[in-house]
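> Just to be clear, the model below is a prediction. Sequence and coordinates:
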Protein chains: 2
Amino acid sequence: MFPARLIHAIKHPLRAAPGGRAAAALADENAMWQLYQFPLCPFSRKVRLLLSEKGVGYELQRENPWEGRDDFFAMNPAGRTPVMHDPDRGLTLSDSRAICEYFEETEEKTPLISGTATQRAEIRRLIALFDENFYGDVTEPLLHERMRKRLLMGQSPDARYLRDAMRLAHEHLYYVDYLIDHRPWLAGPTMTLADLTAAAQISVADYLGGIDWNTHEQARSWYLVLKSRPSFRPLLSERMDVIRPPKHYAEVDG
Amino acid sequence: MFPARLIHAIKHPLRAAPGGRAAAALADENAMWQLYQFPLCPFSRKVRLLLSEKGVGYELQRENPWEGRDDFFAMNPAGRTPVMHDPDRGLTLSDSRAICEYFEETEEKTPLISGTATQRAEIRRLIALFDENFYGDVTEPLLHERMRKRLLMGQSPDARYLRDAMRLAHEHLYYVDYLIDHRPWLAGPTMTLADLTAAAQISVADYLGGIDWNTHEQARSWYLVLKSRPSFRPLLSERMDVIRPPKHYAEVDG
């Protein structure tokens, strides 16, 4: 499905290809970014946390990538959220890691991929671990069973797949427990994009009822600290159409 | 399977955690990196191309991640190739994007994630497009059908999945055609890590008989230029056990 849309993007060239109009336009400090996303996209949540920690203003644009809207594929041939678009400067950014690196390079406030090259490699290793392994093991199957099946197919989730995802979530949380036993934050002495990435994935899994916090004291304390940050609050108050989170989801008092 | 190994890594703490012994050890310019990989790992190929273009020496260590070797999981809890290990400095790096960013930051020669923040975002967008979408649509199914099934299960490939992968490969190559119609290299005016990433994925798909170069003149010329580079030659001469590539695979004269 995605590559057929690449063809679409070819027939209808990018309206705002990176590097296109940008060079000609004057930088405007007050220009407002638009962030195309849906409430349970873990990669959009990561970007929102980073933007908020860095104090970058943005406007939310609801995008359901599964609807395959032509204008969305024209912005991102991969057809995935998040996409950042600045109409005034004609800039379009996609892929959550590319977006985060962009704002890390352009916004000095609150460095989140910081330290020596070795420390930055450790931050990026953990980002990949959560964006690829945790997502593939836990978030993606939960989103498929509990969201896509309901919204797109009118089907109920398959209990076997839910059980597998929840079992794998436990294994990942044991690793978080282990890291937090040895370091104040996942990648070392300071909060980094690794923490925001892991928390973004875990928050979507938690919304979908996939996280059992029992026996994960270290992971739970670390996550409660993140949930209490002002950057996290707006995410916790949003709801995804007909799907409701468990009672503990938005609680920050333990 | 992978998260069970996370537990293993917890019980047997990392022998050489990033940031661990590194600070205490003296940097040694002649220290030799070991690269754990297998010949058809597209992510290891990307790292090898980058190291070679930058003139960084390394030693190949054959690793079949599907064998689940304990010492390998101790180095990388994600259980994936590539892993870079420098025993003298006690440094271990994993995740191919984290590895590439590390060498981009520490080796000045031949910048491969270069330019303005916007240009770097475009390079990283394309890296994600090939490492995630092309890999998921094409390389991964081909590796599963033609390599894993044969080596691990003694089974023949399923023709339906091969056909799907080859059809999707065409769609991706149309996008390469489109980009090369508009730019000298995939991400812009110079060769970048986007080109090496795409070529690494395509080379594995080509080895496995998944690429039909007919009707892709622009992609084909771009790929022939890359294949002719000294960094690419060692990859093309290697063979994966009992699996043989098609005749055109290692040819660089068109």
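Arrived safely, thanks for sending. Numbers count the residues shown, from 1 in each chain, chains lettered A, B, ... in the order given.

> what does the stretch 151-254 of chain A have sitting close to chain B?
A:168, A:170-172, A:174-175, A:178, A:188 (C-beta under 8 Å from any C-beta of the partner chain). For the C-beta atoms, the positions are set from N, CA and C on the backbone; glycine is no exception.

> List just the nearest of those to B:Gly210.
Nearest to B:Gly210 among those: A:Leu168, at 29.9 Å, using C-beta to C-beta.

> since we're on that closest one, how many residues are nearby?
For A:Leu168, the neighbour count with other C-beta atoms under 10 Å in any protein chain shown is 23.

> For it, report the pLDDT, please.
For A:Leu168, the pLDDT comes out at 98.

> Now do the SS call for it.
For A:Leu168, the assignment made with DSSP: H, G, I helix; E, B strand; the rest coil gives helix.

> what's stretch A:120-133 in contact with?
A:42-43, A:46, A:96-97, A:113-115, A:172, A:186-188, A:192-194, A:197-198, A:200-201, B:2-3, B:18-19, B:77-78, B:93-95, B:97-99, B:101-102, B:105 (C-beta atoms under 8 Å, 6 or more residues apart in numbering or on different chains).

> Which residues belonging to that stretch are considered buried?
Of the residues in stretch A:120-133, A:120-133 count as buried by neighbour count, 16 or more other C-beta atoms under 10 Å in any protein chain shown.

> What are the boundaries of the helices in the stretch 51-200 of chain A?
Secondary structure of the stretch 51-200 of chain A, counting by DSSP state H, counting those that start in this stretch: helices at A:70-75, A:96-106, A:117-128, A:140-142, A:159-182, A:193-207.

> Among those, show me which one is buried the most.
helix A:193-207 (a mean of 27; mean count of other C-beta atoms under 10 Å in any protein chain shown).

> circling back: closest to A:Asp212 among the residues of the stretch 151-254 of chain A next to chain B?
Of these, the one sitting nearest to A:Asp212 (C-beta to C-beta) turns out to be A:His170, at 7.0 Å.

> so what's that closest one closest to, chain neighbours aside?
Nearest residue to A:His170, sequence neighbours excluded (C-beta to C-beta, 6 or more residues apart in numbering or on different chains): A:Asp212, at 7.0 Å.

> In contact with that neighbour, which residues are there?
Contact analysis of A:Asp212 by C-beta under 8 Å, 6+ apart lists A:166, A:169-170.

> Turn those into JSON lines, including distance to B:Leu152.
Shown next, in JSON lines, are the contacts of A:Asp212 (distance: C-beta to C-beta, whole Å):
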{"residue": "A:Met166", "distance to B:Leu152": "27"}
{"residue": "A:Ala169", "distance to B:Leu152": "27"}
{"residue": "A:His170", "distance to B:Leu152": "27"}
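
> which one of these is nearest A:Tyr207?
Checking those against A:Tyr207 with C-beta to C-beta, the nearest one is A:Ala169 at 12.6 Å.

> is it true that the closest one touches A:Leu208?
No. Contact between A:Ala169 and A:Leu208 fails when scored by C-beta atoms under 8 Å: they sit 10.3 Å apart.

> and A:Leu186, what are its phi and psi?
phi -60, psi -40 (degrees, to the nearest 10).

> How about A:Glu101, nearest residue that isn't a chain neighbour?
B:Arg124 (6.0 Å).

> cool, A:Glu63 as well?
The spatially closest residue to A:Glu63, leaving aside those adjacent along the chain, is A:Tyr36, at 4.0 Å (C-beta to C-beta, 6+ apart).

> name the element that neighbour belongs to?
Assigned by DSSP states H and E, A:Tyr36 belongs to strand A:33-37.

> neighbouring strands for that strand, and are they parallel or not?
Looking at strand A:33-37 with DSSP bridges, its partner strands are strand A:58-62 (parallel), strand A:83-86 (antiparallel).

> With mean neighbour count as added columns, please give those strands in a markdown table.
Formatted as a markdown table, the strands paired with strand A:33-37 follow (neighbours: other C-beta atoms under 10 Å in any protein chain shown):
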| stretch | mean neighbour count |
| --- | --- |
| strand A:58-62 | 13 |
| strand A:83-86 | 23 |
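
> Let me know the closest of the residues of the stretch 151-254 of chain A next to chain B to chain B.
Distances from chain B to those, taken as C-beta to the nearest C-beta, are shortest for A:Glu171 (3.0 Å).

> low-scoring pLDDT stretches of chain A, where are they?
For chain A, applying pLDDT under 70 flags the ranges A:1-31, A:254.
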